[in-house]
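*Asks:* Return atomic coordinates for the entry below.
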Amino acid sequence: IDTGTLTPALNWYRAMPAAFVGPELGTVAAPTLMIWSDGDTIVKEDGVRITDQHVTGEYRLEILRGVTHWIADECPDRLADLLLEWFAAHPS
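*Replies:* Numbers count the residues shown, from 1 in each chain. Predicted coordinates:
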């Protein structure tokens, strides 16, 4: 069944500029939790390591070992635990 969701999702990625980092994007002031996996072949470690330079609010990096890009599929319980902990500590 084609729900018409694949093309828009792919177009979102296609529309991203190749150099998606820079001062023109500004900074993030909100408390930010970045969850990354060391087996990710899409989101590279170099970019992950400098993300904190673009966040002025509280920032935390969690690295999941032995997981690929598909964190939600491969370790949903660990991901949920991290998110629930973060949200509990940062109520809106």
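*Asks:* Now find how far off-centre the helix or strand of the chain with the lowest mean pLDDT is within its chain.
*Replies:* None of the helices or strands of the chain scores lower by mean pLDDT, DSSP states H and E than helix 6-14, at a mean of 82. Relative to its chain's centre, helix 6-14 lies at 17 Å (CA atoms, centre = their mean, to the nearest Å).
*Asks:* Sheet partners, orientation included, of whatever helix or strand comes next after that helix?
*Replies:* Per DSSP states H and E, the first helix or strand lying C-terminal to helix 6-14 is strand 32-37. Sheet pairing here is set by DSSP bridges, and for strand 32-37 it gives strand 59-64 (parallel).
*Asks:* same for the next helix or strand after the strand it pairs with, what does it pack against?
*Replies:* Downstream of strand 59-64, the first helix or strand assigned by DSSP H and E is helix 71-74. Of the remaining helices and strands, those touching helix 71-74 by 3 or more CB pairs under 8 Å, 6 or more residues apart in numbering; DSSP states H and E are strand 32-37. From N, CA and C alone the C-beta is placed, and that goes for glycine too.
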